[in-house]
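Visitor: Next come a sequence and a model predicted from it.
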Amino acid sequence: KPIFEPADKSPGSRVQGWQSIRGRLIATIPRPHGGRENPGLYITSNCVHWIQTVRVLPRDLDGNPEDVPDRVEDHLADATKYLLRRDTKPAIRSGRVTF
């Protein structure tokens, strides 16, 4: 039986997701000394649909330039953002914790 985790759709999460993608892609570039210090996002040539859709997504110049317009196909980008952000969600979202 598959286990589904809810996606983080809190305010600001779309922009944070894009920042995660950009940060991971930038992290793939080796430092001058040859090492990489942060986790990267490596897209291989057999990720054809990702390459065809995500790499050509425009910025939303009429709204938030840190996001993409609502009218574009961004399902794979959203899935990538949810995956990258899944480990950064707070363990406790709300409520009182007692010991």
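Guide: Yes, it's here. Remember, predicted model here, so these are calculated numbers, not experimental data.
Visitor: Can you give me every residue that contacts residue 85?
Guide: Each residue near residue 85 by CB atoms under 8 Å, 6 or more residues apart in numbering is listed here: 8, 13, 16, 17, 20. All C-beta spots, glycine's among them, are computed from the backbone N, C-alpha and C.
Visitor: So which of those sit within helices?
Guide: Secondary structure defined by DSSP state H assigns 13, 16, 17, 20 of the contacts of residue 85 to helices.
Visitor: Could you dump these into JSON lines and include neighbour count?
Guide: Rendered in JSON lines, the data for these read as follows (neighbours: other CB atoms under 10 Å):
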{"residue": "13", "neighbour count": "17"}
{"residue": "16", "neighbour count": "16"}
{"residue": "17", "neighbour count": "22"}
{"residue": "20", "neighbour count": "20"}
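Visitor: Kindly reformat those residues as TSV containing distance to residue 71 and pLDDT.
Guide: Rendered in TSV, the data for the ones in helices among the contacts of residue 85 read as follows (distance: CB to CB, whole Å; pLDDT from 0 to 100):
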residue	distance to residue 71	pLDDT
13	20	90
16	22	92
17	18	92
20	23	93
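Visitor: re earlier: out of the contacts of residue 85, who's nearest residue 44?
Guide: The shortest approach to residue 44 among those belongs to residue 20, at 19.0 Å (CB to CB).
Visitor: Please report how far the closest one lies from residue 49.
Guide: Distance of residue 20 to residue 49, computed by CB to CB, to the nearest Å: 20 Å.
Visitor: next one: residue 86
Guide: Distance from residue 86 to residue 49, counting by CB to CB: 21 Å.
Visitor: and if you look at residue 43?
Guide: In this structure, residue 43 and residue 49 are 11 Å apart, going by CB to CB.
Visitor: ok, these two, which is more surrounded?
Guide: Neighbours per residue, other CB atoms under 10 Å: of residue 43 and residue 49, the larger number sits with residue 43, 15 against 10.
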